[in-house]
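Chemist: take a look and give me a structure for this.
(3 chains)
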Amino acid sequence: MTAYILRRLLYAIPIALGVSIVCFALVYIAPGDPLNSLLPEDASAETIAMVKKAYGFDKPIPVQYFIWLGKVLTGDFGHSIASGRAVTDDLFKALGNTVLLAAGAVMVAFSLAFVMGLVAGYHSGGPVDRVVTGVAVIGVSIPNYWLGIVMVIIFAVELNVLPATGMGPRGSDTFNFWEWNHFRHLLMPMVTLSMIPIGIITRTTRAAVAEILNQDFVETLRAKGLSEREILIHVVKNSMPQVLAVMGLQFGYLMGGSILVETIFTWPGTGFLLNKAILTRDLPVLQGTILVLAMIFVATNLVIDLLQTMVDPRLKRG
Amino acid sequence: MTATEGSRTASPLSAVDRKDMRDRGGDAQPMLIARELKKHFPITGGVLNRPVGHVRAVDGVSFTVMKGETLGVVGESGCGKSTLARLLMHLIVPDSGELIFDGDAVGESDGLSVRDMRRLMQMVFQDSYSSLNPRMPIEDSISYGKKVHGASEAEAKDAARELLTKVGLDPNLFGPRYPHELSGGQKQRVNIARALVLEPRVVILDEAVSALDKSVEAQVLNLLRYLKQHFNLTYVFISHDLNVVQYVSDRVLVMYLGEVVEIGPVDEIYERPKHPYTQALLASRLSMDPDDRIEEPPLVGDPPNPINPPSGCRFRTRCKFAEKICEVDNPVLGDWATADAHVTACHMFVPRSGHSMAVSSASGSAPAPSGTAMAGGD
Amino acid sequence: MANITMSPSDAGAVQSAPAVMVRSYWQNVGYRLRYDYLTLFFGAVVILILLSAIFAPLLAPMDPYQSSLINRLKPIGYKDFHLGTDELGRDILSRMLYGGRISLTMGIMPVLVATIVGGTLGIVAGFLGGRTNMLIMRMVDVFYAFPSILLAVAISGAMGGGVVNGMLSLTLVFIPPLCRVAETATSQVRNLDFVEAARATGAGTFSIIRVHILGNVLGPILVYSSSMVSVSILLASGLSFLGLGVTPPEPDWGLMLNTLRQAIYINPLVCAIPGVAILITSICFNLVSDGMRAAMDVRL
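Modeler: Residues are numbered from 1 along each chain as shown, chains lettered A, B, ... in the order given. Model (predicted):
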């Protein structure tokens, strides 16, 4: 098992390097001189020379990559063109807000979807199953940026019970768990973001439950005289690892996939940061944010894969 | 069949004359000589997925197949029978060893190319389900090989239909069907037809009837016998079923853990088995006589792991005659190249081998020169 | 051998079977689809949506670019504006019809290209195995390490907006998953005996892939890529919503959703319309894909 974990970790290294190469290349696929895309338009000659030297733009591209990689590994993501601040300053503050949003969304999704999937899988083929499957299809088909707007229309514009945008009053960008107002701001983005995971987790749970119920051991349990409720406990236990894994994957996905929802609700997370960076063509911020989000995705996948293999060693991959 | 035959000058599928035009070496030249064939599959593991060992699937196997005979290959599952079949077809490239087809070395520059060899030697696979393309009408599955070798669409189709008749399936009814619409026996007939479409001289039957019901198995065996005669074929018949092998074979080869332990004419092997493994294998067959029950299983336990086979004789861990010498020295198979020889790789049959029960002479009666293995009894 | 009876007649006897209608796999799929009324219905809706986009110039009651200051943000049913007007006074119905052209193209084209490119790569990797497989699949893994929307945003964000860049980035998003599906399906088929048998006849790699592999992996690949169309439409509209896809004044559902957002307090109902179109299209594609999966009996 230890060898397997080590192997998986080793295997993640080339992927992480590949991801870093893609992020590094972003500056080069941008139209125009990569130097210009890293500097504000009104940069002085000194700044230009400094950046040129720091990034090694006079050197061949592979060398530039290693210079960049070295900086990134020491936590230097460069400076924002728009604000001039270090990318990391804004990035890590935003990261916390996105973690909060994504974790909340996944939790909401799980609690709803697991129950729905369980009921649907238990009555698979029946009318309840069809309704739940329909809900799941809508969940994965709905454009969540549109759902966000609809929610704003209903709850903020028409009913006026929830704040439309932001994280708290006065443009706050730090979440305070002791302030009810912050939770009110969190509610709509969280629910909006939970739609896709609801669809996916419902489908997974339904499939897992239906499949487990078809297995011989359930028949044995019934033959032993267990009540349906006790059987259901067995089914839940057996389907849990698979469902939790999907939930974890969804968390990783939402970390990078919350850009649209954050934009609608101006939630001060990484997605909002990205959106701002795109609008202002702030490439250092874009590059740094995407790198960090992708790394989080890689790490989540790796952790889930390892946890899953620990629970069920049959899942080992070569 | 006759109708299609008349339309062309020489029907390729009409019964081949006793004297095969493609014969090169004459009757005395074995159809196939396998010499020291070896295939070790690497096992990877550890952190870096490096090879940490080898499965010695086939470990120095030598034998001959004479023209027109059926060589039966028996052994427990996992002894390397199927790997051997794939090595013969070069579906798996052997690590070492050579294969000589009617006097020509296979895969060597001055010999027979693998592609040409595959025209002359074909294989019928065990699993009749996965051995047919589920998306293809069986007619097309059969004619495919013909087309690969340059036949026109019409030619290939005619050949396929003719062969369907030969294997006992009405081409009009079965030709356009898909594999899932056929029974196991019918699918195996199709597999046989596909192997025959290239007009091979040798057919390797890898557990070709093992998955079938007994009644269907008998029908297919009869079909194989008929085809063999009709097309003047040579068979390598691989099976774990001792009764079937006895029924079809002229000579039998016994494999254990990737090695040949005994080879000889079928009656010799079944009536006077030499190697303790062969004896045990034969003894483990169920008797039809209720008074003749087997009280103790003649073979206990599973074969040892082929990754780390026992030193010396590989069978010694399960052999009741095992002695010191068996641990030290791997007995060699004697003169396997002689067609009628009955030889075994066991120290008990090597005079002065050091085994307490070693024969004083080869066949137990007439003295034989030392170092020569036992020649057949009669 | 007492247990095996042999008579020459049953060796050579020709087996006949009752004549049945023989259907190929694809005919079977078609047969099953023909009786799947739900899928047929949603398929019809998809076709209707596609047709309305293709024939937008004929169907649109007004010029989608014609703005008018006095007619800004009118509600549904105002005068001849059946779906109201947008922030520049343009007819929303006409813009929706025209917008479908770009939104659907941006949604479907990337999946189409990715199916061909990713499918080919996956089949090659799966069939050849070994180092080729390693090389292709490790590269795919790298792109797989990005959440899809993030990768699309990253690439089109760096390259700058525009329909072409948007489609390019979406294509890159869909190549890896399609490559994986094709690779998995191919390596499963590759290990079946009939491929081995084909090799035993001396057939070349290309012939085996064309004749034996393709027919068996096309089903799973098509099912998967059809399920990606809905995702692609959502992503494409999302990119336009972020200003990374279509540039104004071109009509596009995602972009319309974005610009109408300003009018949320004035005319909330109108703001929701483009999203409804995206939602309906996406649901229909999803359900058609589910129907195809059931008809092709594919497990992904």
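
Chemist: list the residues that contact residue 202.
Modeler: You didn't pick a chain, so chain A it is. By C-beta atoms under 8 Å, 6 or more residues apart in numbering or on different chains, the contact set of A:Thr202 is A:Leu112, A:Ala113, A:Met116, A:Gly117, A:Ala120, A:Val132, A:Val135, A:Ala136, A:Gly139. Just so you know, the C-beta spots here come from the backbone N, C-alpha and C atoms, and that holds for glycine as well.

Chemist: switch to chain C, that's the one I care about
Modeler: The contact partners of C:Gly202, taken as C-beta under 8 Å, 6+ apart, are B:Val114, B:Arg115, B:Arg118, B:Arg119, B:Gly145, B:Val148, B:His149.

Chemist: just checking: which of the residues you listed also lie near chain C?
Modeler: B:Val114, B:Arg115, B:Arg118, B:Arg119, B:Gly145, B:Val148, B:His149 (C-beta under 8 Å from any C-beta of the partner chain).

Chemist: which one of these is nearest chain A?
Modeler: Taking C-beta to the nearest C-beta as the measure, B:Val114 is the one of the ones next to chain C among the contacts of C:Gly202 closest to chain A, at 29.1 Å.

Chemist: contact partners for residue 144?
Modeler: Defaulting to chain A. A:Thr192, A:Leu193, A:Met195, A:Ile196, A:Leu260, A:Val261.

Chemist: my question was about chain B
Modeler: Applying C-beta under 8 Å, 6+ apart, the residues near B:Tyr144 are B:Met136, B:Ala156, B:Arg194, C:Ala198, C:Thr201, C:Ala203, C:Val211.

Chemist: that older thread, which two in the ones next to chain C among the contacts of C:Gly202 are spaced the farthest apart?
Modeler: For the ones next to chain C among the contacts of C:Gly202, the maximum inter-member distance is 14.7 Å, found between B:Val114 and B:Gly145 (C-beta to C-beta).

Chemist: those two: which is more packed in?
Modeler: Neighbour count, other C-beta atoms under 10 Å in any protein chain shown: between B:Val114 and B:Gly145, B:Gly145 has more, with 27 against 15.

Chemist: find the nearest non-adjacent residue to the more buried one, please.
Modeler: C:Thr201 (3.5 Å; C-beta to C-beta, 6 or more residues apart in numbering or on different chains).

Chemist: hmm, that neighbour is touching B:Val148, no?
Modeler: Yes. Using C-beta atoms under 8 Å as the test, C:Thr201 is close enough to B:Val148 to be in contact (5.2 Å).

Chemist: returning to what we had before: which ones among the contacts of A:Thr202 map onto helices?
Modeler: Counting by DSSP state H, the part of those found in helices is A:Leu112, A:Ala113, A:Met116, A:Gly117, A:Ala120, A:Val132, A:Val135, A:Ala136, A:Gly139.

Chemist: so which of those also contact chain B?
Modeler: Among the ones in helices among the contacts of A:Thr202, chain B is touched by none when using C-beta under 8 Å from any C-beta.

Chemist: take these and write them to JSON lines, including pLDDT and neighbour count.
Modeler: JSON lines is the format used below for these (pLDDT from 0 to 100; neighbours: other C-beta atoms under 10 Å in any protein chain shown):
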{"residue": "A:Leu112", "pLDDT": "92", "neighbour count": "18"}
{"residue": "A:Ala113", "pLDDT": "92", "neighbour count": "30"}
{"residue": "A:Met116", "pLDDT": "93", "neighbour count": "24"}
{"residue": "A:Gly117", "pLDDT": "93", "neighbour count": "27"}
{"residue": "A:Ala120", "pLDDT": "92", "neighbour count": "26"}
{"residue": "A:Val132", "pLDDT": "92", "neighbour count": "25"}
{"residue": "A:Val135", "pLDDT": "89", "neighbour count": "16"}
{"residue": "A:Ala136", "pLDDT": "90", "neighbour count": "24"}
{"residue": "A:Gly139", "pLDDT": "88", "neighbour count": "24"}
